[in-house]
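Q: Predicted coordinates and the sequence they were generated for:
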There are 2 protein chains.
Amino acid sequence: MLCRRVCIKLKKYFISGQNHSKYSVISSVLEKAKIGEVAEIKGWVKSLRIQKDHIFADVNDGSCAQKLQILIPKHLKTDALTYGSSVHIAGKLSKSPRGQLELLAENVTVLGKCVVLDGYPFNPRTAHPPEYVRQYLHLRSRTNYFSAILRVRNALTRHIHEYFASKNYLHINTPILTSNDCEGAGEVFKVQPENDETIKVMMQEGCNRDTVYFGTKTYLTVSGQLHLESICRGMGNVYTLGPTFRAENSRSRLHLSEFYMLEAEIAFCESILKLQDVIEDLLKYLFVETWNTNESDMFLIDKNNRAPKWTNKDFITLTYDEARNILDKKGLISTEEGINKEQELALVDYCKVPVFVTQWPKDLKSFYMKESPLDSTKVDALDLLAPITGEIVGGSLREDNYDKLKRKLPSEQLNWYLELRKFGNIPTGGFGLGLERIMQVLCNISNIKDTLPFPRWPHNCDM
Amino acid sequence: MLCRRVCIKLKKYFISGQNHSKYSVISSVLEKAKIGEVAEIKGWVKSLRIQKDHIFADVNDGSCAQKLQILIPKHLKTDALTYGSSVHIAGKLSKSPRGQLELLAENVTVLGKCVVLDGYPFNPRTAHPPEYVRQYLHLRSRTNYFSAILRVRNALTRHIHEYFASKNYLHINTPILTSNDCEGAGEVFKVQPENDETIKVMMQEGCNRDTVYFGTKTYLTVSGQLHLESICRGMGNVYTLGPTFRAENSRSRLHLSEFYMLEAEIAFCESILKLQDVIEDLLKYLFVETWNTNESDMFLIDKNNRAPKWTNKDFITLTYDEARNILDKKGLISTEEGINKEQELALVDYCKVPVFVTQWPKDLKSFYMKESPLDSTKVDALDLLAPITGEIVGGSLREDNYDKLKRKLPSEQLNWYLELRKFGNIPTGGFGLGLERIMQVLCNISNIKDTLPFPRWPHNCDM
């Protein structure tokens, strides 16, 4: 086995050959490096300023919002060194006359050219509008605005997992494919195999293209809640963060066909107040932590955005009836039941902090929500309303009475869900929160399509 | 806004009312509590032993592998207190004659009955075979074996995110819905809206049910790699951990229709050795850390399982030709090209540690893999072979030469992928790793259907 030893030698050579510099990314150069040290960076040229003897290049590698300024002696400049090109630059760190850290280039290699006239859609020092950038999904991570959004999304996701791990919640992968057909109000995607040969081989009597593969019609999930409840009734507190789907014909700035939901189910939860506590604590944690870790990105996305003041205030709770009364007094009520988007935003504006609306009329909410002990026409459900998006969280206690649930069960296919109440049942409550909506509120992003790398909406499934 | 103050008061009352005990779950009682302290636990009765004056109950709440032994005075026993019932028990911590921590119950409330004769599928002190338990997916988390698996899966996932965060990789949500049709070798699921009304409203000339919603045929992803490459070429190192799908008609112990893939793309990666380094380091980290954090769960899943010895040895590297030679000498070669499952396991058995197979014939591998600089009939690809499952990781350097990639591009729909090589291109390499296969190797689980909460495979999409 000669090969192994050779490989190990090669590896050692290779690794030492790569480690001229202590810093692998620009964020660590900016954080840790000292004047006089050698640094080697790889990234993309964001702008070039050509002077008499030198060229100033701003280079970013995606690791942070900041660019590193590079001072390049003119004799190292080649035609390939342009805006948008990828470069490998080695040199010594120094301080610019303005006191800024800069790299004095000793070696410049252009890894990949970028000829703007050959169809590159972006221009230096130009803030292209998000709708324009969205046309070039595959190159969108090259823009300052969008790469900052992806860093914030990464941080927000990390903080979510940190939060729940610190509270001993288990992360559960609820399924994407499901045979439950009763939750999406008809607005679901169905799934079948593409390959005719597979269908032919698997076909059995009584089946059709929709049922041949799984033996039942199969849909993309609209929520992992019912599945979470099943695990919660054996293992305690659980959560999931994954993709969910709606086949709605909606092209609003608040809707996507594929989006991420954070859903949590709390074991032994007997009061809606406990649920509110968890939601309020979670949201404050996420906003405070993400501002702490990604302030530069937040300002890059919107220089006028500020950390919200409500993170050290109590959220307000209104019952549905109280909320409707307030709207009535403001002349914002119609004959229609429920609270629409405009009304949601009016309530947030009135309260100045996020608002829980609780005690909802039973008919407006889902079958699994627990009948209120105070009023049998109401359920122990809540919506949390926030600026920009209105509703960002929906939750409830779950009906844990076997007979009451049986009467409301929409389909026999959910007998498994009913049976959870039969054996060692416990009271639970939970909530769902749209990750993209949180991104909108957090970063002040008006269109939800700019909160995730590859948005899908009606007539749009590029790449 | 009276409601707000009332709510805050209620909250305070409620919270203090809940906090008799310092410990909310059994894992923290076992870790931190002291003899003589008050404790309050909620969980499920795993076994009952009735003695003359007392009852011994073992209670578990899902927070850890261990059960807490409860000593219940006979007068607190009710008919509802049975195996499988859910209970709320308060009392004082003490030491059993055997030196074990136990709770002397002062208060026992049965929250949910469990009448085994009424259809509960599990029995006390019985190790039901996994195939039997799998028939009751909704109750599976109640079994010791399966709840241990879910805790390990949760820990493994957390360690993956820790690893990549510590190395400055960004987590990217690659899309589940995609219009790319060329990667799944035909074995893909297609997606369309279920609702006829939606289809009617959205229908345009030239469209059919398959294309009406997105304007193009839409599939469930088989890999996030191409999308990761797009982000990597603007932001550096990235990874994704999410669901992927195959519409294969396979019912083996190694295949699922919906499974989780960890995929990473490494920026500025010019050598397959660097890729091997990352994979080897990652796998060792995951195995060592998960054994550290979840040893009791590992033994609960398989009491004969041990932490692998290869975590402090070097993996072996063989070229494809070398691997075939070894198989030939062992009389295991056929005329067929490639390396089949039996051969994979023979190579692992021969080498005693995980084995990288590199330098693959071009025709056996995907269009995006980089032509080897040493031999134009080969590509710089790798498979990593491990015990139990054979291949667990596949990876390659990516073809970064525009002209070579253009000649191999399987569809015009991937022009966006080609264009990534045109503007500020960089060399990258990456790999994909099946999370469920890692779970199989880590926990010694023979059937992949037992590695995730809700397995989907041909003819099976329960819940």
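A: Alright, I've got the coordinates.
Q: max-length helix in chain A?
A: Longest helix in chain A by number of residues (criterion: DSSP state H): helix A:272-301.
Q: Output the next helix or strand after that helix as CSV - backbone C-alpha positions only.
A: Proceeding N to C from helix A:272-301, the next assigned helix or strand is strand A:316-319, under DSSP states H and E. Output of strand A:316-319 as CSV, limited to C-alpha atoms (Å, rounded to 0.1, in the frame of the first residue of the first chain):
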residue,chain,number,x,y,z
ILE,A,316,-48.7,43.4,24.5
THR,A,317,-51.5,40.9,24.6
LEU,A,318,-55.0,41.6,23.3
THR,A,319,-57.9,39.2,23.0
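Q: Please export the alpha-carbon coordinates of the next helix or strand after strand A:316-319; PDB is fine.
A: The C-terminal neighbour of strand A:316-319 among helices and strands, as given by DSSP H and E, is helix A:320-329. What follows is helix A:320-329, C-alpha atoms only, in PDB (Å, rounded to 0.1, in the frame of the first residue of the first chain):
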ATOM      1  CA  TYR A 320     -59.500  39.000  19.600                       C
ATOM      2  CA  ASP A 321     -62.500  40.900  20.900                       C
ATOM      3  CA  GLU A 322     -60.300  43.600  22.400                       C
ATOM      4  CA  ALA A 323     -58.400  43.900  19.100                       C
ATOM      5  CA  ARG A 324     -61.600  44.300  17.100                       C
ATOM      6  CA  ASN A 325     -62.800  47.000  19.500                       C
ATOM      7  CA  ILE A 326     -59.600  49.000  19.100                       C
ATOM      8  CA  LEU A 327     -60.000  48.700  15.300                       C
ATOM      9  CA  ASP A 328     -63.600  49.700  15.500                       C
ATOM     10  CA  LYS A 329     -62.700  52.900  17.500                       C
END
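Q: pLDDT (mean, whole number) over helix A:320-329?
A: With pLDDT averaged residue by residue, helix A:320-329 scores 95.
Q: what about the residue nearest to A:Glu342 when sequence neighbours are not counted, which SS state?
A: Once flanking residues are discounted, A:Glu342 sits nearest to A:Leu332: 7.2 Å by Cβ to Cβ, 6 or more residues apart in numbering or on different chains. Any C-beta I mention is one placed from the backbone N, CA and C, and that applies to glycine too. Secondary structure, DSSP: H, G, I helix; E, B strand; the rest coil: A:Leu332 is coil.
Q: now A:Leu332: how far from A:Gln343?
A: Separation of A:Leu332 from A:Gln343 (Cβ to Cβ, to the nearest Å): 6 Å.
Q: so, in contact with chain B or not, stretch A:419-429?
A: Yes: interface with chain B: stretch A:419-429 contributes A:419-427 (Cβ under 8 Å from any Cβ of the partner chain).
Q: try stretch A:52-70
A: Yes: using Cβ under 8 Å from any Cβ, stretch A:52-70 reaches chain B at A:61-63.
Q: which residues touch A:Gly429?
A: Neighbouring residues of A:Gly429 by Cβ atoms under 8 Å, 6 or more residues apart in numbering or on different chains: A:265-266, A:269, A:272, A:274-275, A:370, A:380, A:395-398.
Q: pLDDT wise, what is A:Tyr23 at?
A: 85.
Q: My reading is that it is in a strand; is that accurate?
A: No: counting by three-state DSSP, A:Tyr23 is not part of a strand but coil.
Q: Quick check: chain neighbours aside, which residue is closest to it?
A: A:Val29 (4.5 Å).
Q: That neighbour: which element?
A: helix A:26-32.
Q: Now find how far off-centre the helix or strand that that helix is followed by is within its chain.
A: Downstream of helix A:26-32, the first helix or strand assigned by DSSP H and E is strand A:38-50. Its chain's C-alpha centre and that of strand A:38-50 lie 30 Å apart, by Cα atoms, centre = their mean, to the nearest Å.
Q: can you check stretch A:447-460 too?
A: Counting by Cα atoms, centre = their mean, stretch A:447-460 is centred 12 Å from the centre of its parent chain.
Q: circling back to that earlier point, so what does the helix holding A:Val29 touch, helix or strand wise?
A: Here helix A:26-32 touches strand A:38-50, strand A:68-73, strand A:101-112, going by 3 or more Cβ pairs under 8 Å, 6 or more residues apart in numbering or on different chains; DSSP states H and E.
Q: Let's have the ones you listed in JSON lines, adding mean pLDDT and mean neighbour count.
A: Output for those, formatted as JSON lines (pLDDT from 0 to 100; neighbours: other Cβ atoms under 10 Å in any protein chain shown):
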{"stretch": "strand A:38-50", "mean pLDDT": "96", "mean neighbour count": "19"}
{"stretch": "strand A:68-73", "mean pLDDT": "97", "mean neighbour count": "20"}
{"stretch": "strand A:101-112", "mean pLDDT": "97", "mean neighbour count": "18"}
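Q: Can you give me the neighbour number for the residue in the stretch 301-450 of chain A that chain B sits nearest to?
A: Evaluated by Cβ to the nearest Cβ, the stretch 301-450 of chain A has A:Asn425 as its residue closest to chain B, separated by 3.3 Å. Close neighbours of A:Asn425, defined as other Cβ atoms under 10 Å in any protein chain shown, add up to 19.
Q: Please, where are all the helices along the stretch 101-250 of chain A?
A: Using DSSP state H, counting those that start in this stretch, the helices assigned to the stretch 101-250 of chain A run over residues A:130-133, A:144-166, A:196-202, A:225-235.
Q: any residue of the third one up close to chain B?
A: Same thing as helix A:196-202. Yes: Helix A:196-202 is in contact with chain B by Cβ under 8 Å from any Cβ, via A:197-198, A:201-202.
Q: How far does the longest helix of chain A sit from its chain's centre?
A: 13 Å.
Q: Likewise for stretch A:193-204?
A: Distance, centroid of stretch A:193-204 to centroid of chain: 36 Å (Cα atoms, centre = their mean).
Q: which stretches of the stretch 301-450 of chain A form helices?
A: Listed in chain order, the helices of the stretch 301-450 of chain A (DSSP H, counting those that start in this stretch) span A:320-329, A:341-351, A:402-408, A:415-419, A:435-443.
Q: Tell me which of the ones you listed sits most buried.
A: helix A:435-443 (a mean of 23; mean count of other Cβ atoms under 10 Å in any protein chain shown).
Q: thinking again about what came up before, restrict the contacts of A:Gly429 to contacts with chain B.
A: Restricting those to those near chain B - Cβ under 8 Å from any Cβ - leaves A:Lys274.
Q: near chain B, which residues of the stretch 351-463 of chain A?
A: Residues of the stretch 351-463 of chain A lying close to chain B by Cβ under 8 Å from any Cβ are A:351, A:416-417, A:419-427, A:452-454, A:456, A:458-463.
Q: Show the end-to-end separation of stretch A:108-122, please.
A: 23 Å (Cα to Cα, to the nearest Å).
Q: So what touches that stretch?
A: By Cβ under 8 Å, 6+ apart, the residues outside stretch A:108-122 that reach it are A:42, A:45, A:72, A:76-78, A:80-89, A:123, A:128, A:132-133, A:135-136, A:139, A:142-143, B:268, B:419, B:421-427.
Q: mind running it again at 6 Å?
A: Under the criterion Cβ atoms under 6 Å, 6 or more residues apart in numbering or on different chains, residues A:72, A:76, A:80-82, A:84-89, A:136, B:423-426 lie in contact with stretch A:108-122.
Q: May I ask which helix or strand encompasses A:Glu263?
A: Using DSSP H and E, A:Glu263 sits within strand A:258-267.
Q: Which members of the residues of stretch A:52-70 next to chain B are positioned in strands?
A: Among these, no residue falls in strands (DSSP state E).
Q: Tell me the one among those nearest to chain B.
A: Proximity of the residues of stretch A:52-70 next to chain B to chain B (Cβ to the nearest Cβ) peaks at A:Gly62, which lies at 2.8 Å.
Q: what's the burial count for the closest one?
A: Neighbours of A:Gly62 under the rule other Cβ under 10 Å: 27.
Q: What residues are bridge-paired with the residue lying closest to A:Gln359 once chain neighbours are set aside?
A: Among residues not flanking A:Gln359 along the chain, A:Thr319 sits closest, at 4.1 Å (Cβ to Cβ, 6+ apart). Counting by DSSP bridges, A:Thr319 is bridged to A:Thr358.
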